[in-house]
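A.B. asks: have a look; sequence and predicted model below, questions after that.
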Amino acid sequence: MSGNEFMAWLLRSPWHGMLSKGMMLITVTGRKTGKKYTTPVGYFEEDGYLWVLTSRDRTWWRNLCGKTPITLLLKRKPVNAVAELVLDERAVSFWMYEYLQHVPQAARPLHIRVKDGIANAEDVAQIARSKLFVRIHLS
């Protein structure tokens, strides 16, 4: 069982509570194949949206175009939602600061230096080139 498969199993299980405050399953439909793809993702809540940080080199998000209907398994409940991409590097940088307020422990693996609770602007700008956010509105 791969890491993603194990996380998906755990998020579907009665023991999901350990992870569900910051992880969920997102299901997108392939634009070409029509096949459903489900992957575990981390999220945070801000401004009435769920926000997902992912790498630009991942493939699952490429199925999102405009405002795309998706399905989530959020706290072990199926939820219909609409997702849209935040690709602009300046916007990604802005939301990276918000992300780090919600998930400060993410700074170290992202190689973002933090001093007195403030993320280093150069580090944030650099990481914004390789990351993007998915903004999710719950239906």
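C.D. replies: Alright, I've got the coordinates.

A.B. asks: what comes into contact with stretch 71-81?
C.D. replies: For stretch 71-81, the surrounding residues in contact (Cβ atoms under 8 Å, 6 or more residues apart in numbering) are 11-12, 16, 20, 24-27, 38, 50, 69-70, 136-139. Every residue, glycine included, has its C-beta placed from N, CA and C.

A.B. asks: in strands, which of these appear?
C.D. replies: Residues of the contacts of stretch 71-81 located in strands (DSSP state E): 24, 25, 26, 27, 38, 50, 69, 70, 136, 137, 138.

A.B. asks: can you pull the pLDDT of the nearest residue to the second one once chain neighbours are set aside?
C.D. replies: Right, residue 25. Excluding its sequence neighbours, the residue lying closest to residue 25 (Cβ to Cβ, 6 or more residues apart in numbering) is residue 73, at 3.9 Å. Turning to residue 73, the model gives it a pLDDT of 95.

A.B. asks: phi, psi of residue 73?
C.D. replies: phi -110, psi 100 (degrees, to the nearest 10).
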